[in-house]
Each structure stands twice: as structure tokens, then as C-alpha cells.
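*Asks:* Test case, fold it:
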Amino acid sequence: MDTPHTASSSIRLPIAYRMAVAITLCTFGSIMLLVSINANQQYQLLNNQVAGFANTIVRQLAAAAQEPLFTEDHLSLRRIVSNLGDQSDIEGVALYDEKGALLMQEGHTSGGRLTDQLRQKLSQTDDQEQVYRFRWMDDQQNELSAFIAPIRFKDVTGGYVEVAFSRIELFGIIRSSLTSTLVVALILSALSTLLAVVMGKRLTNPINTLMDATAQALGRERHSEERRQGDEIAYLMEGVSEMGQAMVEKSQIEQIFSRFVSPTIAAQMIESLDAVALTNKRVEATVLFADIVGFTRMSEQMEPDQVAELLNEYYGYFYKLGKYYYGTVDKFIGDAAMVIFGVPDEDPDHRFHAVAYAVGLQRLIDELNIERKSQNRPTIHIRIGINCGTMQAGLLGTRERMEYTVVGDSVNLASRLCGEAGADQIVVPADIYRHENTAQRVQAKIHKSIRIRGKTDPVDTYLVTGITGSQRQAINALIDDLLTGARSDD
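*Replies:* Numbering: from 1, shown residues only. All right, here's what the predicted structure looks like:
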């Protein structure tokens with residue numbers, strides 16, 4: 001006689017599949033909860049980071065504008081506002097006088113919302129780093145944030161600076177970060193299902209492997225107590241979230257720093273935020289100083305916007321030419337420029353690259369002068385001094401403001417040689433001309449001996465007249481490419 005079937009004898013899925021379904025549901029549900037919590041945390045964290053970046057920029061702008069504002073150097077103020085306004089992450093820059101009247105602006109700003117109440121609020125504290133933040137909607141209904149700081153000198157407020165940022169651009173990274181987290185969550189859920197079917201009770205082994213890899217990537221240790229607590233998924237998601245946030249932070253900081261220092265320095269600073277290892281490093285490098293001859297007299301006969309246009313054009317070529325000869329534009333000092341070779345990136349041929357850069361720069365300016373003269377526009381002539389030697393490279397300055405540069409007696413001598421050069425001349429010491437890397441490739445003639453204060457022996461100098469061999473054709477081709485690229489951009 002047949003035995004009737006009971007409910008307990010009904011067909012059931014294998015335990016591996018049932019474990020897979022249960023673990024997948026639990027994993028996915030937990031991940032979604034963590035994603036929602038992390039979304040709010042990331043928003044708050046990124047908002048604080050943006051505010052910190054903006055505060056730093058507006059304070060630096062207030063510090064940079066302090067001297068030209070109180071000395072009524074409107075050209076320098078316009079240059080500062082224009083340079084900062086050109087940054088892609090900044091919507092606009094504005095400068096106000098002590099009464100809140102708009103002096104100048106670049107891009108989209110709050111449109112003169114510096115009211116008496118706001119100025120009174122900024123003056124209620126003696127803290128020179130007081131920064132006020134407010135938000136508004138522009139004509140396209142985009143939400144913007146403005147950061148305003150006073151420009152003070154000896155407790156006297158001479159004006160105010162404003163820097164505006166687009167919240168859409170700054171916080172758009174949150175969506176991509178959350179999307180990446182969600183993709184990782186889906187992938188982990190699928191992997192957990194597959195592993196549960198294949199390995200059953202051994203499912204925790206590959207998860208622990210992932211947890212160890214995440215901990216190693218974050219540079220931290222995971223103790224045995226955490227394994228026994230059974231919170232592997234939460235621990236793993238926490239690590240994934242930290243890695244995603246670290247990537248966002250690194251990308252943002254490196255993008256901003258690379259506009260103020262060389263990309264190499266920016267990358268090194270990001271890699272060692274806790275202890276920047278860029279100071280007190282003795283290096284052998286070459287320094288080049290280039291100075292516009294008679295610039296003061298020339299600028300007196302030009303309008304301020306013409307002076308700014310001329311400097312920006314020539315300085316742009318200084319930077320572009322430097323990329324071809326491994327040179328880094330260290331700084332622009334008024335009408336002069338300082339370019340370093342062999343640092344921060346090592347370059348065994350830094351002496352020749354500096355000389356080739358100088359020759360190319362002189363020839364490039366000759367071509368530009370011909371073109372500008374045909375257009376009845378002012379032309380310039382530069383003088384260049386180059387020196388090589390041991391110098392100190394690193395971050396110099398104060399806790400509030402630092403810059404990467406090189407200092408030392410070799411740097412001072414390069415500046416002195418620039419002062420000894422005449423218009424369209426390149427002056428180098430005998431050490432560079434006679435060096436094995438340059439002696440057969442550089443054309444020069446004896447110039448004169450210069451006595452330097454503090455040195456017993458005079459310094460023999462040469463005037464560089466050109467480059468020999470194939471390098472001459474390479475410079476000509478490079479100049480043609482730069483000029484052709486500039487014309488196509490126009």
C-alpha cells in the first residue's frame with residue numbers, strides 16, 4: 001500500500017542554494033543600508049572638504065590682494081583676480097572696497113550682495129581669517145556658493161574678496177562615488193551567491209580574503225576579534241567606502257595643487273600628506289633667470305590691460321617651451337621668470353636643456369616681435385642668466401603659506417648673471433660652457449670676468465650664440481609648432 005506524501009517530503013532546494021539565497025538577500029540588504037548611511041556621511045565630509053578648500057583659496061586671495069589694494073596697484077589686483085578667475089573649478093572672483101562697492105570681478109559672482117549687515121558681521125571679530133559663506137541661485141537656476149573674506153592690514157579693513165563656486169560641479173563627484181559603491185555592492189552580492197553554491201559553509205573564507213586585501217590596501221591591521229564578531233560584510237563595505245573616499249579626496253587635491261605647483265610636486269605632496277618629504281633636499285640642478293629689458297619704461301607708455309595681455313602671452317610661451325626641455329617654471333617675479341632644470345625630476349642633461357631652452361626662448365621672442373611689430377604692437381627684448389650647482393630644493397615658507405622652490409648661492413649667481421646680460425643676450429659661467437655635456441653642443445664666445453661679493457676668484461662668463469648640430473633644427477621646428485598651435489587657438 002502506498003504511503004501518502006507529507007509536506008516534509010516535498011522537494012526542497014539544496015542547502016547550498018538556500019544558503020546562497022539567504023546570504024545574498026542579507027548581504028544586499030545590509031549593503032543598501034550602508035550605502036544610504038555612507039551617502040549622508042560622504043555628503044557631509046565632501047561639503048567640509050569643499051569649504052576647507054574654498055576657505056584656503058579666499059584667504060590666500062585676501063593675503064595676495066592686501067599689498068596692491070592698500071597701495072592702489074590696480075594692475076596687480078586685476079592680474080590676481082583674472083588669474084584666479086581663469087581656474088575651471090571657480091565660477092567667479094570679485095573685489096570690493098571698504099564700503100562694499102564692487103571694484104572688479106571675473107566670471108559669475110553674487111552680483112554685489114555684500115550688504116552693510118554682512119560687512120558688519122565680518123568686522124565683528126578680530127580674526128583676520130574670518131570667512132563668511134552664503135548661497136544663491138544664478139540666472140540659470142544653478143546653486144552657487146560664495147566665500148567672502150575681508151582684506152585687513154593692522155586692524156584696518158581695506159576691502160573684501162569673494163570667490164564663487166558651483167555646487168553642482170563640486171558635489172557631482174558624490175553621484176559617481178555612490179554609483180561606484182553600488183556597483184561594488186552588486187558585484188559582491190553576485191560573488192557571494194556563487195561562492196555559497198560552490199563552497200557552502202566555507203563561504204566566509206573568500207570574504208575574509210577580501211577583507212584582508214581591503215585592510216592591506218588601506219594600510220591598517222584587522223584583529224582576530226573582528227573576525228569573531230561576524231561583521232565581515234560591514235567591515236568590508238567600510239573599507240571599500242574609505243578607499244572610494246580616499247580616491248575622491250586625492251583626485252580633488254591633486255587637481256587643485258597642480259595649478260599652483262608642478263604636477264610632479266603635487267603628486268608627491270598627495271602621496272605623503274601626513275609628512276611631506278620635499279624639504280631640505282640638496283640637489284644639483286640648473287637655474288635660469290629671464291628678465292624683460294626696459295619693462296618699467298615700456299609699461300608707463302601702455303594701458304594696464306595691454307601690459308597684462310603682453311605678459312600673459314609671453315609667460316605662456318615660457319611655460320610651453322619648458323615642457324619640451326624638462327624645465328619647471330618656478331615663479332614669475334613681475335617682469336622676470338625663474339625656471340629650474342633637474343628638479344623635482346632628475347635630469348642628467350639639465351645643463352644643456354637649460355641652454356637650449358634659453359636659445360629657443362630668444363628665437364621664439366624674435367619671431368613674436370616680428371609678428372607684433374607688423375601689427376603695430378609693442379615688442380620686448382629679454383636677457384637671460386644661467387647657472388648650475390648645488391642648491392637646496394623643497395617647500396619653503398610658513399605654516400600658512402608655502403611654495404616649492406630652490407635656494408642657495410648657485411641660484412643667487414644665476415640672478416646676478418641675468419643682471420650682467422644685455423638685451424637679447426644669454427650669459428653662462430665657464431663651468432656650464434666647458435662641461436662635457438655642453439661643450440660640443442653649445443656655441444659661445446668669451447664675455448667677461450665678474451667679481452662676486454664674498455668670492456675670492458672672479459667668475460668667467462660666456463655669451464651663448466647658438467646650438468650646434470641637429471638640435472638647431474629641432475629648436476626651429478619646435479618654435480614653428482608653438483607658433484602654429486597659438487595661431488590655431490586664436
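*Asks:* Show me the helices in the chain, by range?
*Replies:* Using DSSP state H, the helices of the chain run over residues 15-70, 74-85, 116-122, 167-199, 204-218, 224-228, 232-257, 263-271, 295-300, 304-324, 350-374, 409-420, 430-433, 470-489.
*Asks:* mean pLDDT for those: which is lowest?
*Replies:* With a mean of 44, helix 224-228 has the lowest mean pLDDT of the helices of the chain.
*Asks:* show me what contacts residue 329?
*Replies:* Going by C-beta atoms under 8 Å, 6 or more residues apart in numbering, residue 329 touches 318-319, 322, 337-339. (C-beta placed from N, C-alpha, C; glycine too.)
*Asks:* for whichever strand in the chain runs longest, which positions count as buried?
*Replies:* The residue-count maximum for a strand in the chain (DSSP state E) belongs to strand 382-397. Neighbour-count burial for strand 382-397 flags 382-389, 391-395 (criterion: 16 or more other C-beta atoms under 10 Å).
*Asks:* Next: stretch 59-77.
*Replies:* Judged by neighbour count (16+ other C-beta under 10 Å), stretch 59-77 contains these buried residues: 59-66, 68-69, 76-77.
*Asks:* Nearest to residue 311 among those residues?
*Replies:* For those, the closest approach to residue 311 (C-beta to C-beta) belongs to residue 76, at 11.3 Å.
*Asks:* dump the residue contacts of the closest residue to the closest one other than its chain neighbours.
*Replies:* Leaving out its chain neighbours, the residue that sits closest to residue 76 by C-beta to C-beta, 6 or more residues apart in numbering is residue 68, at 3.8 Å. When contacts are counted by C-beta under 8 Å, 6+ apart, residue 68 touches 74-77, 80.
*Asks:* could I get the residues you listed as a markdown table with distance to residue 180?
*Replies:* Converted to a markdown table, the contacts of residue 68 look like this (distance: C-beta to C-beta, whole Å):
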| residue | distance to residue 180 |
| --- | --- |
| 74 | 47 |
| 75 | 46 |
| 76 | 44 |
| 77 | 43 |
| 80 | 38 |
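*Asks:* closest to residue 48 among these?
*Replies:* Closest approach to residue 48 among these (C-beta to C-beta): residue 80, at 26.8 Å.
*Asks:* count of neighbours near that closest one?
*Replies:* Residue 80 is flanked by 22 other residues according to other C-beta atoms under 10 Å.
*Asks:* pretty sure it is in contact with residue 63, am I right?
*Replies:* No - counting by C-beta atoms under 8 Å, residue 80 stays clear of residue 63, with 10.4 Å between them.
*Asks:* contacting residues for residue 299?
*Replies:* Contact partners of residue 299, counting by C-beta under 8 Å, 6+ apart, are 307, 335.
*Asks:* go with 10 Å
*Replies:* Residue 299 makes contact with 75, 292, 306-307, 310-311, 334-335, 378, according to C-beta atoms under 10 Å, 6 or more residues apart in numbering.
*Asks:* need the residues you listed in CSV with distance to residue 438, can you?
*Replies:* Compiled in CSV, these are given as follows (distance: C-beta to C-beta, whole Å):
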residue, distance to residue 438
75, 39
292, 26
306, 38
307, 36
310, 32
311, 30
334, 30
335, 28
378, 34
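*Asks:* Sort out which of the residues you listed are buried, if you could.
*Replies:* Burial by neighbour count, 16+ other C-beta under 10 Å: within the contacts of residue 299 this picks out 292, 307, 310-311, 335.
*Asks:* Let's have those in a markdown table, adding distance to residue 106.
*Replies:* Below are those laid out as a markdown table (distance: C-beta to C-beta, whole Å):
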| residue | distance to residue 106 |
| --- | --- |
| 292 | 25 |
| 307 | 17 |
| 310 | 19 |
| 311 | 17 |
| 335 | 22 |
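*Asks:* Closest to residue 46 out of the contacts of residue 68?
*Replies:* Distance ranking of these against residue 46, using C-beta to C-beta, places residue 80 first at 27.8 Å.
*Asks:* So the closest one sits against residue 94, correct?
*Replies:* No - because the distance of 11.9 Å does not satisfy C-beta atoms under 10 Å, residue 80 is recorded as not touching residue 94.
*Asks:* Between those two, which contacts overlap?
*Replies:* Common neighbours of residue 80 and residue 94 (C-beta under 10 Å, 6+ apart) are 104, 106, 161.
*Asks:* so which of those comes closest to residue 428?
*Replies:* residue 106 (40.2 Å).
*Asks:* The closest one is in contact with residue 83, isn't it?
*Replies:* Yes - between residue 106 and residue 83 there is a contact under C-beta under 10 Å: 9.0 Å.
*Asks:* okay, those two: which has more neighbours?
*Replies:* More crowded of residue 106 and residue 83, by other C-beta under 10 Å: residue 106, with 19 against 15.
*Asks:* Identify the spatial nearest neighbour of that one, chain neighbours not counted.
*Replies:* Nearest to residue 106 is residue 85, by C-beta to C-beta, 6+ apart, at 2.9 Å.
*Asks:* Next, count neighbours for the one you found.
*Replies:* Counted with other C-beta under 10 Å, residue 85 comes out at 20.
*Asks:* residue contacts, it?
*Replies:* Here residue 85 is in contact with 91-94, 104-109, 163-164 (criterion: C-beta under 10 Å, 6+ apart).
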